[in-house]
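1. just the structure for this:
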Amino acid sequence: MTNSLSAQAKGLSPSRRSQIHSFIAMDMLAAASALERAGRSIIHLEAGEPGTPAPLRVREAAAAVIADGRIGYTESLGRPSLRARIARHYEETYGVEINPNRIAVTTGSSGGFVLSLLALFDEGARVAVSAPGYPAYVNIFKALGIEAVMIETGAESGYVVTAQMIAAEHQRAKLDGVLLMSPANPSGTMMSDEELRAICQTCAQLGIAFISDEIYHGLTYERDAATALQFSDQAVIVNSFSKYYCMTGWRVGWLVLPDVLVAPVEKLQQNLAISVPFISQVAAEVAFDCRDELERVKQSYVRNRAFLLDALPKMGISTFHRVDGAFYVYADIGHLTQDSVAFCRTILDEAGVALTPGLDFDRARGHRMLRISFAGSEEDMREGIARLSAWLAKR
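-> Numbers count the residues shown, from 1 in each chain. Coordinates of the predicted model:
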């Protein structure tokens, strides 16, 4: 029996859909964590993760649920009270009235992407994303059999995709969808309200599905971000409690869906996940009422951002994308290296600072780019930059 099972095991091979790139930011986090376990002092500037815990009231709500002892499934689209609270958030924040029935609670934005992509597209669909951009988009596309169409952005467009770019790409070869993030990861750039309106209108006119990733809403520094719902009731909105609400590990997010997609997403959720964890949903509902604490956290990002934008040019890193929102600086290091992965690994090993190579976000140009997260503490930010500056001075 053992020999027979071994023979069968030797015949196993991974599926083609699983042959995707690793998420380099997570690889860097793993490498940094391994060095920490070995006793090294490491400053984490690689992960897109708030350095502060979830608000106190969020944690207290979760503790109360655990103390009660009854933790079970919820409705697949989410607890009705949480869906209603999310709808209220859109009215309070953007002046947009949303029927709570259009909202689906998801396992972070990641679960939202999988559900929305499965509901919208069949295998072989062509969906456009920006370059640079969030690497998981392309990897999820490949796993689902969707073709990623990369639209390269540059300084001339403010490093954002425009409606004109979408129309031009659609004319070259028909697009089925567009997935864009604003404010963006890795760059922090944000499209104007006028451009977002134009994108919504262009997608509607051309019959292109539009998914708006709004996970960094709330984390803007000079003006508020608009939601695509202000310009279209056919856009699919993806959001999460991970970033502004400091709840990355709680794995809870949401979708706002056109009516036609609600039933398909519900059936997919029933079969893929049943429901989002009960504790996370209860805690997330409380998060909306923790604005004062969350705004204090955001002020630490404001100070970190100002510090970085001043410190980096003094270190010879003076070219980076506009940092309108999120908590990243995406910098050009082409004068220092043409291999950002090796460069970041060397900095981790020799300086004890974890950074994310640009290759994660742009396979064509990321070899000369670097992402620095300023979501951690102010103390870590200053220590990390001091270490990086000293390391660069020795080169």
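2. domain map for this structure?
-> 19-53+292-394, 56-289 (automatic domain parsing).
3. show the end-to-end separation of the last one, please.
-> Using Cα to Cα, to the nearest Å, one end of domain 56-289 lies 11 Å from the other.
4. returning to what we had before: between the domains of the chain, which gets the lowest average pLDDT?
-> Among those, domain 19-53+292-394 carries the lowest mean pLDDT, at a mean of 94.
5. which positions in the helix or strand containing E383 come out as buried?
-> Assigned by DSSP states H and E, E383 belongs to helix 378-394. The neighbour-count check on helix 378-394 (16 or more other Cβ atoms under 10 Å) flags D380, M381, E383, G384, I385, R387, L388, S389, W391 as buried. In short, each C-beta sits where N, CA and C put it, glycine included.
6. again with stretch 341-359
-> For stretch 341-359, by 16+ other Cβ under 10 Å, it's 341, 343-345, 347-348, 351-359.
7. measure stretch 116-135 end to end?
-> 17 Å.
8. which residue ranges of the protein form helices?
-> 2-10, 24-37, 56-68, 80-94, 108-120, 135-144, 163-172, 193-206, 259-272, 278-287, 291-314, 340-351, 378-394 (DSSP state H).
9. could you find the closest non-adjacent residue to I71?
-> F278 (5.1 Å; Cβ to Cβ, 6 or more residues apart in numbering).
10. now G384
-> With sequence-adjacent residues excluded and distances taken as Cβ to Cβ, 6+ apart, G384 is closest to I43, at 3.7 Å.
11. show me what contacts N139?
-> I20, H21, F23 (Cβ atoms under 8 Å, 6 or more residues apart in numbering).
12. residues in contact with K174?
-> R126.
13. next one: it relative to K142, how far apart?
-> According to Cβ to Cβ, to the nearest Å, K174 and K142 sit 20 Å apart.
14. and if you look at G366?
-> 17 Å.
15. could you export stretch 296-313 as CSV, CA atoms only?
-> Provided in CSV are the C-alpha atoms of stretch 296-313 (Å, rounded to 0.1, in the frame of the first residue of the first chain):
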residue,chain,number,x,y,z
ARG,A,296,-4.9,60.1,15.6
VAL,A,297,-3.3,57.1,13.9
LYS,A,298,-3.6,58.9,10.5
GLN,A,299,-1.8,61.9,12.0
SER,A,300,1.2,59.7,12.6
TYR,A,301,1.2,58.8,8.9
VAL,A,302,1.0,62.5,8.1
ARG,A,303,4.2,63.1,10.1
ASN,A,304,5.9,60.0,8.7
ARG,A,305,5.1,61.1,5.2
ALA,A,306,6.5,64.6,5.8
PHE,A,307,9.6,63.1,7.3
LEU,A,308,10.2,60.8,4.3
LEU,A,309,9.6,63.4,1.7
ASP,A,310,12.2,65.6,3.4
ALA,A,311,14.7,62.8,4.2
LEU,A,312,14.8,60.8,1.0
PRO,A,313,16.2,63.6,-1.3
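16. tell me how many other residues surround G177.
-> Neighbour count of G177, defined by other Cβ atoms under 10 Å: 22.
17. tell me what it is bridged to.
-> V127, A209 (DSSP bridges).
18. so which of the buried residues of stretch 341-359 comes closest to E214?
-> T356 (21.8 Å; Cβ to Cβ).
19. show me what contacts I43?
-> By Cβ under 8 Å, 6+ apart, the contact set of I43 is G352, V353, A354, G376, D380, E383, G384, R387.
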